[in-house]
Structures are given as structure tokens and as C-alpha cells.
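J.: need a structure here:
(one chain, ligands or ions: 1)
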Amino acid sequence: MGLGPGGAAGITAEARQALAAAEVVVGYTTYIILASPFLAGKEVISSGMKRETERAEKAVELALSGRRVAVVSGGDPGVYGMAGPVLEAAPPGLPVSVIPGVTAANAAAALLGAPLMHDYAVISLSDLLTPWETIAARLKAAADADFVIVLYNPRSRGREGHLEQARRIILSARAGSTPVGLVRNCGRAGQAVSISTLNEFAATDADMFTTVIVGNSQTSLQNGKMVTPRGYAR
Ligand code: SAH
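T.: Numbering: from 1, shown residues only. Model prediction:
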């Protein structure tokens, strides 16, 4: 199940009910902390990053022993989250429900204005599980096709240069004046929103808690908000 982008305000009623009904809650430590207001009286199993398969297998093992288990992801569980690993680990016959949440792209877009009004592509810059060449090719294809581009995992230790490389790839097909929005810690303490341009934004302003949205060729600023028109004026 997805917890939404941040605190209690962003969780859906359906997710809240599922959490209330769970006996055991399994998740990445950061998300367990975010879910803590809803965890009283429950057994909690948390683990660090990059332990997705292990977490999914543990959750399935607990469910097979007869417990009611909730596996939590930030945002939406089906977007770079736990829904896939859990469905892969579950044997035939074990009932699994995927409960959606507000993904970072949608939460960040709302804070920036209305940048996702037309076709958009979501691309993760993390090369932990995807070769960088594949990521670079997708950035180029999305830029050439004039998609609004949402970047997840824009930056972290060990891959500081990825966002700057992404900026250059997109610049090869899009104007330097294209609006770019950065939202850090959406819905959480320390939330920060900034709007700049493809030419001017500093890749160093983004960290692993930031979502970046690059406008398409039609995106503009309206009273300080990013707006992508519903279509292309003929
Ligand atoms: N399942 C999550 C995404 C996990 S990938 C979802 O649907 O939102 C992790 C990336 O998501 C981060 O590197 C960041 O780019 C983005 N992200 C997740 N939560 C965020 C938040 N509260 N504010 C800004 N970006 C966030």
C-alpha cells in the first residue's frame, strides 16, 4: 500500500483503513517513520534501502503463517515501490491487494501549478537496477518527443552527475528557457518548492528527496505557477 508523499494529510482513506486492519507492517525505515501515527499496537518490521526482495519475501512468509500484513511504500506502491516485488514473491492463492497512493509526481505537480496537463514521461535517474545507457536513451527519446519529463531519484551519493547529464540531454532537444520545477520533501517537514529554467537550474539543488519536473515546449509560467497547456495551439 502507498502512504502518499508525506505526512498524515496525504494518505488515502483506503490506505488508512488497510493500515488499521493490518497486524504486521513491513517497510523501509523512512516510510515506517512516516506511518508511525498509524502503527500503535502493531508489529513493525523495518529494514534499510535496497532490501526490497528480502522485505517482500518476509511479508509473504508472515502472510502464509496466517497474519494480516501491510507492506508500505512511500507515494504509490506501484511506482518504483513494493507492489512488484510482493506480487513476484507471492505464491498462487495468497490474496494480495495493491492499494494506491499519491505518487511524488502528482504531489509535486500540484505544488508547482499544472505542469502535467499534457503527455508526460516519468524517468528514474537511479542506475542501481538500470544501466545508465538505457536511462540516457529514454531521456533523449522523451525530450525528442516533447513529453513533459518527471525525474525521480535525481541525485544521491555515488551518482552526483546524473542530473547534470540529464539536463544536458534534454537541452539538446528543448529550449534553455523551458520551465523546470524542483520540489523537495513534498508533504513532509522541510518542503521546498522552486521554479527555474533548463538553462539556469542547479543540479546541486536536488537531492534524493526531490522530484524534478521539466516542462514541454509549450509550458510557461502563469503568476509564478508552471502551466502546460492542454494542447498545441494551431
Ligand atoms: N513510490 C514512490 C517513489 C519511490 S522512488 C512514489 O510513488 O512517490 C524515490 C523518489 O521519489 C525520490 O528520489 C524522489 O525523486 C521521489 N519522492 C518520493 N517522495 C517524495 C517527496 N515526499 N517529495 C519529493 N520527491 C519525492
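
J.: Skipping its backbone neighbours, what lies nearest the residue of the chain found nearest the ligand in space?
T.: Of all residues in the chain, residue 75 sits closest to the ligand, at 2.0 Å by CB to the nearest ligand atom. Glycine gets a C-beta too; all of them are placed from N, C-alpha and C. In space, and not counting its chain neighbours, residue 75 is closest to residue 103: 4.3 Å by CB to CB, 6 or more residues apart in numbering.

J.: what about stretch 118-130, how long is it end to end?
T.: Stretch 118-130 stretches 27 Å from its first residue to its last (CA to CA, to the nearest Å).

J.: next one: stretch 201-221
T.: Span of stretch 201-221 from end to end, CA to CA: 15 Å.

J.: Make 413 the first number, not 1, from now on.
T.: With the count now opening at 413, the last piece we talked about shows up as stretch 613-633.

J.: any idea of the mean pLDDT in it?
T.: Averaged across stretch 613-633, pLDDT comes to 94.

J.: For residue 473, see how far away the residue nearest to the spatial centre of the chain is.
T.: Central residue of the chain (CA atoms, centre = their mean): residue 516, 4.3 Å from the mean position. To residue 473, residue 516 is 30 Å away according to CB to CB, to the nearest Å.

J.: low-confidence ranges in the chain?
T.: For the chain, applying pLDDT under 70 flags the ranges 461, 646.

J.: for the closest residue to residue 414 other than its chain neighbours, helix, strand, or coil?
T.: With CB to CB, 6+ apart as the criterion, residue 414 has its nearest non-adjacent residue at 2.0 Å, and that residue is residue 513. Secondary structure for residue 513, judged by DSSP: H, G, I helix; E, B strand; the rest coil, is coil.

J.: unless I'm mixing things up, residue 513 is touching residue 423, no?
T.: Yes. Under the criterion of CB atoms under 8 Å, residue 513 makes contact with residue 423 at 7.1 Å.

J.: burial of residue 581, as a residue count?
T.: Using other CB atoms under 10 Å, residue 581 is surrounded by 21 other residues.

J.: name the element it belongs to?
T.: helix 574-583 (DSSP states H and E).

J.: tell me what that helix is packed against?
T.: Here helix 574-583 touches helix 544-556, strand 560-564, going by 3 or more CB pairs under 8 Å, 6 or more residues apart in numbering; DSSP states H and E.

J.: Give me the residues contacting that helix.
T.: Residues outside helix 574-583 that contact it (CB atoms under 8 Å, 6 or more residues apart in numbering): 535, 537, 539, 544, 547-548, 551-552, 555, 561, 563, 566-567, 590, 610-611, 613, 615, 618, 624, 626.
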